[in-house]
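Novice: Give me a model of this one.
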Amino acid sequence: MKQGYACHDDYLFFAGLGNLWSYYIEVWIGDIIQIDPLSERAIALPFSIKEDDEVGIFAVDSYRLDMPAGIYQVLYEVRFLPPDEWGEHEYFQEAFTDLLEDKEDDDFEWEWYNCPEFCRITFIPTPTLIEP
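Specialist: Numbering: from 1, shown residues only. Reported below is the predicted structural model:
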């Protein structure tokens, strides 16, 4: 798992960056691999979905996805979500109120690994499987 992922025929596993286990996930279907320059880690892996496969994001919470069958490159991007972006994510504003108040203190030292993470997973349809 040193490389930050595990790849199997029927699932992909991606490791986070920090130790807080708090995250915001976006899932997209895209046309091209376009990596956000702010990403701390970006991994693209081949993945195929068969007609009756169940697809989902399984973490602390589970989310089913309605994905068409096909062959994909899956792009996983992750970065820490700094406090100035938490305002866009209501959950983080509520969950980390104390941390935000501490940030106002002049002696506050930020530790990135204690930040929530922003994860983006993009499924890019492709005609053939591309080896990792």
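Novice: list the buried ones in stretch 45-61?
Specialist: 45, 46, 47, 49, 55 (16 or more other C-beta atoms under 10 Å). Heads up, the C-betas are built off the backbone N, CA and C, glycines and all.
Novice: buried residues in stretch 118-132?
Specialist: Residues 118, 119, 120, 121, 122, 123, 124 are the ones in stretch 118-132 that count as buried (16+ other C-beta under 10 Å).
Novice: Run through who's touching it.
Specialist: Contact with stretch 118-132 is made by 7, 14, 16, 23-33, 36, 39, 44-48, 57, 67, 70-81, 85, as judged by C-beta atoms under 8 Å, 6 or more residues apart in numbering.
Novice: same question, stretch 56-73
Specialist: With C-beta under 8 Å, 6+ apart as the test, stretch 56-73 has contacts from 21, 23, 25, 27, 29, 33, 44-51, 53-55, 121, 123-130.
Novice: can you rerun that using 10 Å?
Specialist: For stretch 56-73, contacts defined as C-beta atoms under 10 Å, 6 or more residues apart in numbering pick out 11, 13-14, 16, 21-23, 25, 27, 29-30, 32-33, 44-55, 119, 121-130, 132.
Novice: go on, stretch 32-46?
Specialist: So stretch 32-46 is contacted by 3-7, 12, 14-18, 71-80, 82, 85, 112, 117-120, 122, 124, 126, 128-132 (C-beta under 10 Å, 6+ apart).
Novice: Can I have the buried ones of the contacts of stretch 118-132 as a PyMOL selection?
Specialist: Of these, the buried ones go into a single PyMOL selection, burial set by 16+ other C-beta under 10 Å:
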select buried, resi 14+16+23+24+39+44+45+46+47+67+72+73+74+75+76+77+78+79+80+81+85
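Novice: Show me the contacts of stretch 118-132 that map onto helices.
Specialist: Counting by DSSP state H, the contacts of stretch 118-132 place residue 85 in helices.
Novice: I'd like the buried residues of stretch 118-132 written out as JSON lines, with distance to residue 61 added.
Specialist: Putting these into JSON lines (distance: C-beta to C-beta, whole Å) gives the following:
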{"residue": "118", "distance to residue 61": "16"}
{"residue": "119", "distance to residue 61": "13"}
{"residue": "120", "distance to residue 61": "17"}
{"residue": "121", "distance to residue 61": "14"}
{"residue": "122", "distance to residue 61": "20"}
{"residue": "123", "distance to residue 61": "19"}
{"residue": "124", "distance to residue 61": "25"}
